[in-house]
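J.: Give me a model of this one.
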Amino acid sequence: MARGAALAAAVAVSLLAVAGAGGAGAQTPKRGGTVVIAAPAHFEPACLNPLVDSCSPRFLDGVLAGAYEVMPAATYRPDLASGKVAARQPFTLLYRIRPEARWSDGARVTAGDFEFTHQAILRLRPELQDVHLDMVRSVRALDAKTVRVVLRAPFADWRELFPWVLPRHALAGQDLRSLWQNAIDNPKTGAPIGSGPFLVDRLDRGGRQFVLRRNPRYWGPHLAYLDRIAHHFIRPEDVADALRQGEVDMIDPGPRLLQAVALELHQERAPGIRVLPVLDSSWEHFDIRMGSGGHPALRIRLVRQALAYGIDREEIARVIGELTGGRDARPEPLDSVVFLANSRYYQSNWRGYRYRPEQARRLLERGGCRRGADSIYICAGERLSLHLVTSAGAEHRRRSAELAKAQLRRVGVEVILGFVPPTLLGTALSGGDFDLFQFGWIGGASTSGPADVFGCQQPSNFTGYCDRLVTRDLDQATRILDDQRRVRLLNKVDARLATAVPAIPLYQTTSLFAFNATVRGVVRNGVGRFTWNAEDWWLER
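T.: Numbering: from 1, shown residues only. Next comes the predicted model:
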């Protein structure tokens, strides 16, 4: 097992062990009760309609099931349906909907629901609309429980086409844009509706609470053990006391402003409260500007490799881990720019880059650089003074940048730090006026590869890196339907990127998961969603 995968597995195992989910000697889950989750007041959803871009789907895990769901190892498993790919032209997917899958009103989940959802996305959902327009030729029900999806071309991320499915029998003929402002219900009856283990009970506006209740007709392996899950919207300064006093059972681990609260609880070892570091779905890195706007020496591969050896990624990961996750968090450097460390497909293709200042200096000299009078190298006719830019107000990025500055100074590279407001981050990146830029990419379960990040002239390629063979392979990876073939190709690409060094991966971010020790069965999935398996939660009494 790769080192990063082993780390992720250890994190998952620790969560399972502490939360009491399964395993030899595990206690029998007990039915009933409510888990209360603290969330910041501004997280109150504007509406609940997943077809409306301004609505928040954050609290809807477990209400509207999709074709597939993401597991802790950042892989997919069938939820409503399993799909089979027929690798021929036209490329066809056959979704076999589970025979037992039903809506909470007793109606069967059918192929017609998939057809209806596809048409609704085409009309209303911009985020998914482009994918369905570009990649899907047709969606047709073959019978009540079989859907045929014909693709315009091979599409590696086909499992993401239906992240949720809508009930046609309840919504047909309705104005879909105006639906579900404060509830997810059948507008014809007013009754809550869903296909997952929970239903929306109520949304109390004014920064109060959002409540889910058990779906008594859930078709899955078992009904939810809990009666309810309530998201209470609380001022951040009140969250710690609320957890200490038992007014809430858990802190939403997503919002950055609540991480300081979790860290406070972690450091004080609050009795009866578990605080665990868990891997997030984002990862930090330095983009190296090889195109116009960057230092000319950065076009020399040996110089870029020297930077990778001259940055102590282990120290950066350790310091940032302590900053964000306390001393028990021991993240290691991320050794891939393709897969997250908790992915089953992760390989440590960048593991050779550990802090070796002597090697960094040797590579600089092999790249034609010479030491200046002030010990800073002169490369490509210019002093090797690099402008490192990152977002202002992000403490973990400021610390990473300062550490890298001190480390590179020891190998003869000067770094000048610059900070831009988060709202201008995209503009600064697109402008290309930098040598190094630290920011984060959001990963997930997709295995289609970073074609838009490292492909020639792609929209998210801020480095100016261009290798036609890498671009060809990245493009091919988006079209390979066989998972194992695609993953093998992407790890070969990752190894070539490790040689070219257009970017330097730093670490996968962590967050603190704080909850009452009586809450059992909690495991975060591979894209940072923590309520994905809420039907397995239970309260120890």
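J.: Please tell me how far residue 363 sits from residue 283.
T.: Per C-beta to C-beta, to the nearest Å, residue 363 is found 25 Å from residue 283. Bear in mind the C-beta positions are built from the backbone N, C-alpha and C, glycine included.
J.: typed the wrong thing, it's residue 277
T.: 15 Å.
J.: neighbour count winner among those two?
T.: Shown here are residue 277 and residue 283; by other C-beta atoms under 10 Å, residue 277 has more neighbours (24 against 21).
J.: My guess is that one contacts residue 514. True?
T.: No. Residue 277 lies out of contact with residue 514 (C-beta atoms under 8 Å); the separation is 10.6 Å.
J.: residue ranges of the strands in the stretch 251-400 of the chain, please?
T.: For the stretch 251-400 of the chain, the strands defined by DSSP state E, counting those that start in this stretch cover 273-288, 370-371, 377-379, 382-383, 385-391.
J.: Could you tell me the least trusted of those strands?
T.: Least confident of these, judged by mean pLDDT, is strand 273-288 with a mean of 88.
J.: Who are the packing partners of that strand?
T.: helix 3-19, helix 256-268, helix 301-310, helix 313-325, helix 395-409, strand 436-442, strand 503-516 (3 or more C-beta pairs under 8 Å, 6 or more residues apart in numbering; DSSP states H and E).
J.: give me that answer again for 6 Å
T.: Applying 3 or more C-beta pairs under 6 Å, 6 or more residues apart in numbering; DSSP states H and E, one finds that strand 273-288 makes contact with helix 3-19, helix 256-268, strand 436-442, strand 503-516.
J.: what's in contact with it?
T.: Contact with strand 273-288 is made by 8, 11, 18, 262, 265-266, 298, 304, 325, 329, 334, 342, 436-438, 440-444, 462-463, 502-515, 517, 524, 527-528, as judged by C-beta atoms under 6 Å, 6 or more residues apart in numbering.
J.: Centre of the chain to it, how far?
T.: 10 Å (C-alpha atoms, centre = their mean, to the nearest Å).
J.: can you list the weak-confidence ranges in the stretch 51-200 of the chain?
T.: Low-confidence segments of the stretch 51-200 of the chain (pLDDT under 70): 56-57, 85-89, 125-127.
J.: which residue ranges form the strands in it?
T.: Counting by DSSP E, counting those that start in this stretch, the strands of the stretch 51-200 of the chain are 68-70, 76-78, 81-86, 92-97, 136-143, 146-151, 198-204.
J.: mind checking which of those strands is nearest residue 399?
T.: strand 68-70 (30.4 Å; C-beta to C-beta).
J.: Return the distance of that closest one from the chain's centre.
T.: A distance of 13 Å separates the centroid of the chain from that of strand 68-70, by C-alpha atoms, centre = their mean.
J.: Starting from that strand, tell me which strands it pairs with and how they run.
T.: Strand 68-70 has its sheet partners listed here by DSSP bridges as strand 76-78 (antiparallel).
J.: what distance separates the strand it pairs with from the centre of its chain?
T.: The chain centre lies 16 Å from the centre of strand 76-78; the measure is C-alpha atoms, centre = their mean.
J.: and if you look at stretch 464-474?
T.: 25 Å.
J.: With stretch 269-289 instead?
T.: Centroid separation for stretch 269-289 versus its chain: 12 Å, with C-alpha atoms, centre = their mean.
J.: Begin at 893, not 1, for the rest of this chat.
T.: Okay, using 893 as the starting number, the last item reads as stretch 1161-1181.
J.: And it, what's buried?
T.: 1165-1181 (16 or more other C-beta atoms under 10 Å).
J.: try stretch 945-957
T.: By 16+ other C-beta under 10 Å, the buried positions in stretch 945-957 come out as 947, 951, 952, 953, 954, 955, 956, 957.
J.: Buried ones in stretch 1245-1265, by neighbour count?
T.: Across stretch 1245-1265, burial judged by 16+ other C-beta under 10 Å covers 1245, 1247, 1248, 1249, 1251, 1252, 1253, 1255, 1256, 1257, 1259, 1261.
J.: oh sorry, the question was meant for stretch 1338-1357
T.: Across stretch 1338-1357, burial judged by 16+ other C-beta under 10 Å covers 1338-1343, 1345-1347, 1350, 1353-1357.
J.: Narrow these to those in helices?
T.: Applying DSSP state H to the buried residues of stretch 1338-1357, the entries found in helices are 1343, 1345, 1346.
J.: In CSV: those, plus distance to residue 923 and pLDDT.
T.: As requested, these are exported to CSV (distance: C-beta to C-beta, whole Å; pLDDT from 0 to 100):
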residue, distance to residue 923, pLDDT
1343, 47, 94
1345, 47, 96
1346, 50, 97
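J.: would you turn those residues into TSV with distance to residue 1112?
T.: Listed next are these as TSV, based on distance: C-beta to C-beta, whole Å:
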residue	distance to residue 1112
1343	35
1345	37
1346	40
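J.: Domain parsing of this protein, as residue ranges.
T.: 937-1079, 1172-1402 (automatic domain parsing).
J.: could you dump those to a markdown table with distance to residue 1150?
T.: Below are the domains of the chain laid out as a markdown table (distance: least, C-beta to C-beta, whole Å):
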| stretch | distance to residue 1150 |
| --- | --- |
| domain 937-1079 | 13 |
| domain 1172-1402 | 12 |
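J.: Residue 1089: which of those is closest?
T.: In terms of C-beta to C-beta, the element of these nearest to residue 1089 is domain 937-1079, at 5.2 Å.
J.: Point out the most buried one among the strands of the stretch 943-1092 of the chain.
T.: By mean neighbour count, with neighbours taken as mean count of other C-beta atoms under 10 Å, strand 960-962 ranks first of the strands of the stretch 943-1092 of the chain at a mean of 23.
J.: element containing residue 1117?
T.: Residue 1117 is located outside every helix and strand, with elements delineated by DSSP states H and E.
J.: and it, what does it touch?
T.: 921, 923, 1430.
J.: again, only this time at 8 Å
T.: The contact partners of residue 1117, by C-beta atoms under 8 Å, 6 or more residues apart in numbering, come to 921, 922, 923, 924, 1413, 1427, 1428, 1429, 1430.
J.: One more: residue 1027?
T.: Residues near residue 1027 by C-beta under 8 Å, 6+ apart: 1043, 1044, 1045, 1047, 1050, 1053.
J.: number of nearby residues for the closest residue to residue 1008 other than its chain neighbours?
T.: Excluding the flanking residues, the one nearest residue 1008 by C-beta to C-beta, 6 or more residues apart in numbering is residue 1060, at 3.7 Å. Residues lying near residue 1060 (other C-beta under 10 Å) number 21.
J.: Noted, bye for now.
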